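**Q** Build me a model from this:
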Amino acid sequence: MDTTLDQLQPGQRANIIRISGADGIASRLREMGFVPGELVHFVRPAPLGDPLKCSVHGSRIAVRCGEARRVFVEPIG
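**A** Okay, the predicted model is just below:
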């Protein structure tokens, strides 16, 4: 089973495996630093669950759950 960014627990880290899609959203995610091989840290969800606060390449980024479902990861530990 593939794991996506939105399935991580707060505080969990993972390696990015791939971004699904070839549209503007996938391109935007890559431009923000969500690229294969990069480490992502899921900081926490917003109080109502959306968006999700993540840390990638030293930057804190908020992504919607729908966008996070397109980021496939391999959890660490």
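
**Q** from here on, contacts and neighbour counts on C-alpha atoms
**A** Fine.

**Q** Would it be right to say that S27 lies in a strand?
**A** No: assigned with DSSP: H, G, I helix; E, B strand; the rest coil, S27 falls outside any strand and is helix.

**Q** Going forward, the N-terminal residue is numbered 33.
**A** OK, 33 is where the count begins now, so the last one is S59.

**Q** low-scoring stretches of the chain, by residue?
**A** Confidence mapping of the chain against pLDDT under 70 gives the ranges 33.

**Q** Strands of this structure, start to end?
**A** Here the chain has its strands, by DSSP state E, at 35-36, 45-51, 71-77, 84-88, 91-95, 103-107.

**Q** Show me the one of those that comes nearest R62.
**A** strand 45-51 (7.8 Å; Cα to Cα).

**Q** Please work out the angle formed by the directions of that closest one and strand 103-107.
**A** Angle, strand 45-51 to strand 103-107, by axes from the mean of the first three to the mean of the last three Cα atoms, to 10 degrees: 140 degrees.

**Q** Strand 45-51 to strand 84-88, inter-axis angle?
**A** Using the same axes, to 10 degrees: strand 45-51 against strand 84-88 is 90 degrees.

**Q** Just checking: what are the partner strands of strand 45-51?
**A** Using DSSP bridges, strand 45-51 pairs in its sheet with strand 71-77 (antiparallel), strand 103-107 (antiparallel).

**Q** contacting residues around it?
**A** For strand 45-51, contacts defined as Cα atoms under 8 Å, 6 or more residues apart in numbering pick out 58, 61-62, 66-74, 102-108.

**Q** Right, I'll call it a day here.
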